[in-house]
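Asker: Have a look at this fold, sequence not included:
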């Protein structure tokens, strides 16, 4: 048995889970938030109880120190040597990584090289890596890339129709994201629902504040919605998803803002927030729609339409579909939004929603009726356990 930690370091936060492997038992979990502030927040959940503290957390090293100190003080571990591996979620692996790897000098160099592709996350990943490496020098460190699962796409699915020298010189292409989640969901879908199906065709919908869809054939990604960055694809909490590229030039002309300002708006002030004018949180948008807000209703309809359109596209790309999976925050917990999607594919694909089953939240459940031509299932995602599994492989020397 070995203890492994799954880490997701953001620009001002560190999410973590400590596992007992290979049993995949979650020992504790938590988050460090508002790093860089005097009123930082430290949380740890252990034995069904959560401890919460507000205190100055001026950098990631302090956050890591708080996590590890709590593990010892709460008798979760006796000493740091018990933690044999730390797995770091890394959003962008570019063209370099098609699987998880040891977080060595080469890996660090490439993650740093990819900062222009992911200026929001990549520096934070490196900061988190160094903070844990300094605190746990004897633990194996690995990088688990959101983009790795999508490296099985064919050129016709990832190349953009731009001058090809830009594709070659700048590696400007589709990379996708949420790959760890899509991989987990495709595996569970196969194991639970399509065990006897060869060359299974699955459309996986990771639908949350950030959303992406992936077309999966025989366990491998053939197409995914997010593009060069997570801005592409379907409408999200604050992101536009796909739109006419000329919108950028037009809005620069109309508003007097430069391209960087418009890009920031498309990332942080669009999507549900931009259309509804209310919130990036689908719960707030749903409440407003129930109270009669036309813009909130439009946001829900637009969201349902964009996802339905991609499901239709991937149905064609796969030559059919054996299963559609809904997951992540919205997919797992929002019946109204699931219905908005399914209503828009029901006529074309013969999908029949089970209204009663669709009321379930936060659990695995089939939400279509037996006569539905395609089964739609809600499966809670678990990216952290995939990180822990790769940690275990690293310990065994099989990564």
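Answerer: Nice, thanks for sending it over. This one's a predicted model, so the numbers in the text were calculated from it and none came from an experiment.
Asker: ok, the closest residue to residue 132 other than its chain neighbours to residue 129 distance?
Answerer: Taking Cβ to Cβ, 6 or more residues apart in numbering, and ignoring the residues beside it in sequence, residue 132 has residue 86 as its nearest neighbour in space, at 5.0 Å. In short, each C-beta sits where N, CA and C put it, glycine included. Applying Cβ to Cβ, to the nearest Å, the value for residue 86 to residue 129 is 8 Å.
Asker: Endpoints of stretch 319-332, how far apart?
Answerer: 27 Å (Cα to Cα, to the nearest Å).
Asker: can you give me how far it is from the chain middle?
Answerer: Relative to the centre of its chain, stretch 319-332 is centred 14 Å away, using Cα atoms, centre = their mean, to the nearest Å.
Asker: which element is the residue nearest to residue 18 when sequence neighbours are not counted on?
Answerer: Excluding the flanking residues, the one nearest residue 18 by Cβ to Cβ, 6+ apart is residue 27, at 4.5 Å. Per DSSP states H and E: residue 27 is located in strand 25-33.
Asker: got the buried residues for that strand?
Answerer: Of all the residues in strand 25-33, those buried under the rule 16 or more other Cβ atoms under 10 Å are 26, 27, 28, 29, 30, 31, 32, 33.
Asker: can I assume residue 165 sits in a strand?
Answerer: No. The assignment for residue 165 (DSSP: H, G, I helix; E, B strand; the rest coil) gives helix, which keeps it out of a strand.
Asker: ranges for the strands of the stretch 251-399 of the chain?
Answerer: Assigned by DSSP state E, counting those that start in this stretch, the stretch 251-399 of the chain shows strands spanning 323-327, 365-366, 375-378.
Asker: Go through those strands and pick out the most buried.
Answerer: Highest mean neighbour count among those (mean count of other Cβ atoms under 10 Å): strand 323-327, with a mean of 25.
Asker: helices or strands next to that strand in the packing?
Answerer: helix 179-193, strand 201-207, strand 375-378 (3 or more Cβ pairs under 8 Å, 6 or more residues apart in numbering; DSSP states H and E).
Asker: and residue 106, which of the ones you listed is closest to it?
Answerer: Set against residue 106 and scored by Cβ to Cβ, the helices and strands packed on strand 323-327 come closest in helix 179-193, at 20.3 Å.
Asker: State the mean pLDDT of the closest one.
Answerer: The average pLDDT within helix 179-193 is 96.
Asker: Next, the angle from it to strand 201-207.
Answerer: Interaxial angle of helix 179-193 relative to strand 201-207 (axes from the mean of the first three to the mean of the last three Cα atoms, to 10 degrees): 130 degrees.
Asker: Can you give me the buried ones in helix 179-193?
Answerer: Residues of helix 179-193 classed as buried: 179, 180, 181, 182, 183, 184, 185, 186, 188, 189, 190, 193 (neighbour count, 16+ other Cβ under 10 Å).
Asker: Do you know the pLDDT at the residue nearest to residue 132?
Answerer: 96.
Asker: can you give me how far the strand holding residue 27 is from the chain middle?
Answerer: 18 Å.
Asker: Name every strand pairing with it and say which way it goes.
Answerer: strand 14-21 (antiparallel), strand 37-46 (antiparallel) (DSSP bridges).
Asker: elements contacting the helix or strand of the chain with the lowest mean pLDDT?
Answerer: Least confident helix or strand of the chain, by mean pLDDT, DSSP states H and E, is helix 122-135 with a mean of 90. Here helix 122-135 touches strand 2-9, helix 60-73, strand 83-90, helix 105-113, strand 140-145, going by 3+ Cβ pairs under 8 Å, 6+ apart.
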